[in-house]
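Novice: this one's sequence-less:
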């Protein structure tokens, strides 16, 4: 398994090996799926759209509906304007969405299609919408694409009427429907009315009913996005995936915002709850306190199995930082943190976490890849690996327990329904982590040391 | 209104005009002409992929010791990393890079100022870290637009490092589907790989298996069977193959073609260049496998080989008979719709037929007319601008390596009998009143499923859950839903088992909540409790 990976470090500047990121458009597609009755549209050759739909479907095990401009060589030379025009007509004709959310690809970006101008030239039916975002695949990552799409919905649609509606805007970050549901549940318990954008719950975790719905019940409605302009405050969950949207809303509609870390673990969930409390100015109900107390109780119970265990965590920046803080709270050592997404903010935030918890010898890298992470692990091992499916090769090569968390998880089921965020998500993560570590103890213990009670 | 009219009726006139040519109600007394291999209409939700997917993803991806650097932004390489299930075993002295994903991860500056420098650097880093003997460079959309000369970089790498380095200009926008990518990959393999080996074949029963990518281990099962009979498999294109295998393909005496669409170019070119005829076979389905084995034996025309063929068939049949009979009782009378790439929508009809399942609709994602109507239509296919853009190469007989197994006379006879160098397409195996739909799109999938109500829809990941949300079992025939092998005799049992569990899985019976069909009100009438 991964036999060619050697521990000796080697400076690479051109060859990306086993990436920990993918390209922008898939993130934009995911964000657009979180808008009700929205057709995500990929402006490029149809392979992009096929790959992205394939990947999202493999992660969520639910249909990921999206259309493509289906560029051919001609469109690549003369521009994709007429393809987009034809596409828009056909999409409204055949699938009848409320809104089409176009994202670009490296192809249409390289030829320089001006989407603003192209959309202005399109005959959009009454009461329908067409928006776009630029997602050049050669910049950032799928997280950037997600962030750009969320911001573009706001830039195109949100309007300030001059009268605040008392609502909280929540941009949840590139997370699963299970996480979005959990963030919403906590806001609801606090008695807050909110708009979450995007919201893929009810879309990418839609129930089995015996009837396929192209546009399932879930997703932020266009009206809600328009109304975001009257929000009292925006919570941007995760700097990388959500801040751009919050900034757009501030710039366009003067809605102030706060950027929060992904509410994974106790401290980060506490901050989320405190923000909700200060927004609604109501005491936190016992129900939430109880959940928090349960999680703390659990962490005390399990500490003999987690304390000082070293973890390597990879994935999307906001998620990895959240997970890192949680493992620190569990008494573990986040030895290596890697994201494929570029951005110094990741390393800065990781360093301050290390300092806060008095950690030495931990490493964090943005714009990294799994090849390098594997090299680090070979040089100095860890007790646990946390990340998406692609980590399973390293876990097997080095025989390390592996907890799947984040995106993409394409070799397991149900994960997208379950939260990582909130105290409930913390309990689930704690269970996943402890089980992985304890299963390993059971597997490796001598017969005479095999414990009935642990 | 006919079923087809009901589906098409909902389209605008332009789309209607286009799509009606792609849908045929099979009628043996008619021509059954179908439109294929043309552009997908923008905005129509197609399941098709691109040229890159056909080249890197399909044909090149399975070659285990080819170090494939995808030159472009990260996505294309990422999506083809371990996602196609073309399995490959470790082999002594043969590299295996299938667990890895390599890309130049082009950034904005590379797009603006050109990416050749970065590509060269990537080759250098690959050499330092992995020491591969073969590097393949596959380009993605922006590379063609900015004009990076990947072929020059390949030549440079060959000189600089003394390795084999082949470039594939398989930008996603080329052609109209994966099909263009197959062709580009085929061309380069003929140009730069096949014919270079000098590994002598051990027997005269030396064969190539073309268009077998070892998805879920299919190729291994085919090889096991062929070796049992006494054949020597020279090269499989390209499942679990090494460069050395492919280089020696010219040593074979017969090429078997499983997936006609993706590999027919190689089949024809190596016949012209090396004299090896090809035979369309099909190892999916029990009857299909038996027929294929008998045909291969007939070609080699050796009494001992024929005898062994029959003995192996009898033995393999014996091992599966009971299981197949059981599954047939579970599946007989069911109906299926199949929509896969460019061959399986035909091949799986045989296996379903073995199980008593009737195929009522079949279509290819990127097939050409010959995959539906047979190769006899090729002279009548007019190439359009998109297909003309894909290079067609010509070769001439190799003075040293050209060899013949059969006499010219026998060859001509077998060709005339359509025994060699012929593929009849799916239509001849479909019943009147069934449907062939090319590039079956999302809308049509939904409509046909509603109207035809098949028990199973065989397709891919993108439409699997669409069908299932609508209450129709869907099994992926690209990835076999992570199961397999499905080929030959044992594979047929695996397939039958998987379909059976899909149909009989208890969860289907819970789709409707009990309160949906129970009365809402339960009250009292006149003081007495009503029941």
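Specialist: Yep, that arrived. Bear in mind that the values here come from a model prediction, so they are computed numbers and not experimental data.
Novice: what about residue B:416, neighbour count?
Specialist: 10 (other C-beta atoms under 10 Å in any protein chain shown). Where you see a C-beta, it was placed from the backbone N, CA and C, and this is true even at glycine.
Novice: hang on, I meant residue B:406
Specialist: The burial count for residue B:406: 18, using other C-beta under 10 Å.
Novice: endpoints of stretch B:364-376, how far apart?
Specialist: When the termini of stretch B:364-376 are compared using C-alpha to C-alpha, to the nearest Å, they are 18 Å apart.
Novice: what residues does it touch?
Specialist: The contact list for stretch B:364-376, computed with C-beta atoms under 8 Å, 6 or more residues apart in numbering or on different chains, reads B:24, B:32-34, B:36-37, B:47-49, B:54, B:176-179, B:260-261, B:339-343, B:345-346, B:377-378, B:381, B:422-428, B:436, B:438-440, B:460.
Novice: give me the distance from that stretch to the chain's centre.
Specialist: 13 Å (C-alpha atoms, centre = their mean, to the nearest Å).
Novice: all strands for the stretch 1-150 of chain B, in order.
Specialist: B:23-25, B:66-71, B:102-103, B:134-139 (DSSP state E, counting those that start in this stretch).
Novice: quick check: pLDDT value at the residue nearest to residue A:232 when sequence neighbours are not counted.
Specialist: Of all residues not flanking residue A:232 in the chain, residue A:164 sits nearest, at 5.4 Å (C-beta to C-beta, 6 or more residues apart in numbering or on different chains). We have a pLDDT of 96 for residue A:164.
Novice: wait, is residue A:164 part of a strand?
Specialist: No - read with DSSP: H, G, I helix; E, B strand; the rest coil, residue A:164 is coil and lies in no strand.
Novice: quick one, phi psi at it?
Specialist: Main-chain torsions, residue A:164, degrees, to the nearest 10: phi -70, psi 140.
Novice: quick one: stretch B:63-70 to chain centroid distance?
Specialist: With C-alpha atoms, centre = their mean, you get 19 Å for stretch B:63-70.
Novice: and the helices in the stretch 351-500 of chain B?
Specialist: B:369-373, B:385-388, B:408-416, B:442-452, B:461-469, B:488-504 (DSSP state H, counting those that start in this stretch).
Novice: out of these, flag the one nearest residue B:166.
Specialist: Among those, helix B:385-388 comes nearest to residue B:166, with 22.9 Å by C-beta to C-beta.
Novice: so which elements touch that closest one?
Specialist: With contacts defined as 3 or more C-beta pairs under 8 Å, 6 or more residues apart in numbering or on different chains; DSSP states H and E, helix B:385-388 has no helix or strand neighbours.
Novice: if we go by neighbour counts, what in that helix is buried?
Specialist: Within helix B:385-388, the residues that count as buried by 16 or more other C-beta atoms under 10 Å in any protein chain shown are B:386-387.
Novice: now do it: everything it contacts.
Specialist: A:72-74, B:37-39, B:175-176, B:180.
Novice: so which of these are in helices?
Specialist: Residues from the contacts of helix B:385-388 lying in helices, with DSSP state H as the criterion: A:73-74, B:180.
Novice: ok so, going back, and the contacts of stretch B:364-376 near chain A, which?
Specialist: Among the contacts of stretch B:364-376, the ones lying near chain A by C-beta under 8 Å from any C-beta of the partner chain are B:47-49, B:176-177, B:460.
Novice: and the helices of the stretch 351-500 of chain B, which one's lowest on average pLDDT?
Specialist: Lowest mean pLDDT within the helices of the stretch 351-500 of chain B: helix B:385-388, a mean of 89.
Novice: what's the single longest helix in the chain?
Specialist: You didn't say which chain, so I picked chain A. Max-length helix for chain A by DSSP H is helix A:422-444.
Novice: you answered for a different chain; I wanted chain B.
Specialist: Per DSSP H, chain B has its longest helix at helix B:303-331.
Novice: what distance separates that one from the centre of its chain?
Specialist: 25 Å.
Novice: hmm, residue A:251 and residue A:257 touching each other?
Specialist: No - assessed by C-beta atoms under 8 Å, residue A:257 is found out of contact with residue A:251, at 10.3 Å.
Novice: so which of the two has more stuff around it?
Specialist: Shown here are residue A:257 and residue A:251; by other C-beta under 10 Å, residue A:257 has more neighbours (20 against 12).
Novice: figure out which of the strands of the stretch 1-150 of chain B is closest to residue A:229.
Specialist: Here strand B:102-103 is closest among the strands of the stretch 1-150 of chain B (C-beta to C-beta), at 40.3 Å.
Novice: could you spell out the sheet neighbours of the closest one, each with its direction?
Specialist: Partners of strand B:102-103 in the sheet, by DSSP bridges, are strand A:16-17 (antiparallel), strand B:66-71 (parallel).
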